[in-house]
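Novice: with the sequence up front, the predicted model follows.
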Amino acid sequence: MSLERQVRAKAASKRDPNLDKEAQTWIETILGAKFPPGELYEDVIRDGTILCQVINKLAPGSVPKINTSGGQFKMMENINNFQTAIKNYGVADIDVFQTVDLWEKKDIAQVTNTLYALGRETYRHPEWPGPWLGPKPSEECKRDFTEEQLKAGETMIGLQAGQNKGATQAGQNMGAGRKIIIGK
């Protein structure tokens, strides 16, 4: 098997059709329109126009100009505009797919992961009424202890350190004893 086929097989194995379907449903709900029947999820979002429409619904005006016609460079520009807009929206740079992942269909699983990252980020924007995609991100739970509480904690023996209530391995013999012979 050639290296390229191995890489494609590995990328395809990372894909979860259920996640793709959930992402597609989320997009359809936001836009209020279904994907064309019989077309694959990755083919519909490939030119970036749908993705730009999604981010413009989440944050109006994020992508001022969406290219609907033109060559492949115009369509790839849509994808780049979408990526820039979601980074500005708050999606971490590490969660954003590369343009070729979508345009050349090299890693659709990463594209879906990016959509999930965008869906999680919508929880942090109170102006967005929903729908959301993915689990709600956790929030910081900062605790303030008094000086008295901190001193009381220093005297306690934490159970994380382990405790065996005086048990030892003394008297346990399993198999033959170890014999060290010196000078032989």
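Specialist: Perfect, thanks for sending it.

Novice: which of the residues in the longest helix seen in the chain are buried?
Specialist: Criterion DSSP state H: the longest helix present in the chain is helix 72-89. By 16 or more other CB atoms under 10 Å, the buried positions in helix 72-89 come out as 75, 76, 77, 78, 79, 81, 82, 83, 85, 86, 89. Yep, even glycine has a C-beta here, placed from its N, CA and C like the rest.

Novice: show me what the helix or strand that it is followed by is packed against.
Specialist: As assigned by DSSP states H and E, the chain's next helix or strand after helix 72-89 is helix 99-103. For helix 99-103, the packing partners by 3 or more CB pairs under 8 Å, 6 or more residues apart in numbering; DSSP states H and E come out as helix 72-89, helix 108-121.

Novice: re the thing from before, residue 18: which of the buried residues of helix 72-89 is nearest?
Specialist: residue 86 (22.5 Å; CB to CB).

Novice: which non-adjacent residue is nearest that closest one?
Specialist: Spatially, and ignoring its direct neighbours in sequence, residue 86 is nearest to residue 118 (5.3 Å; CB to CB, 6 or more residues apart in numbering).

Novice: for that neighbour, give its distance to residue 38.
Specialist: Residue 118 is 26 Å from residue 38, where distance means CB to CB, to the nearest Å.

Novice: and the two? Which one has more around it.
Specialist: residue 118 (25 against 6; other CB atoms under 10 Å).

Novice: just to revisit the earlier point, and the two most separated of the buried residues of helix 72-89?
Specialist: The span of the buried residues of helix 72-89, defined through CB to CB, is set by 75 and 89 at 21.2 Å.

Novice: so what's residue 72 closest to, chain neighbours aside?
Specialist: Nearest residue to residue 72, sequence neighbours excluded (CB to CB, 6+ apart): residue 103, at 7.4 Å.

Novice: OK, contacts around that neighbour?
Specialist: Going by CB atoms under 8 Å, 6 or more residues apart in numbering, residue 103 touches 46, 72, 75, 76, 79.
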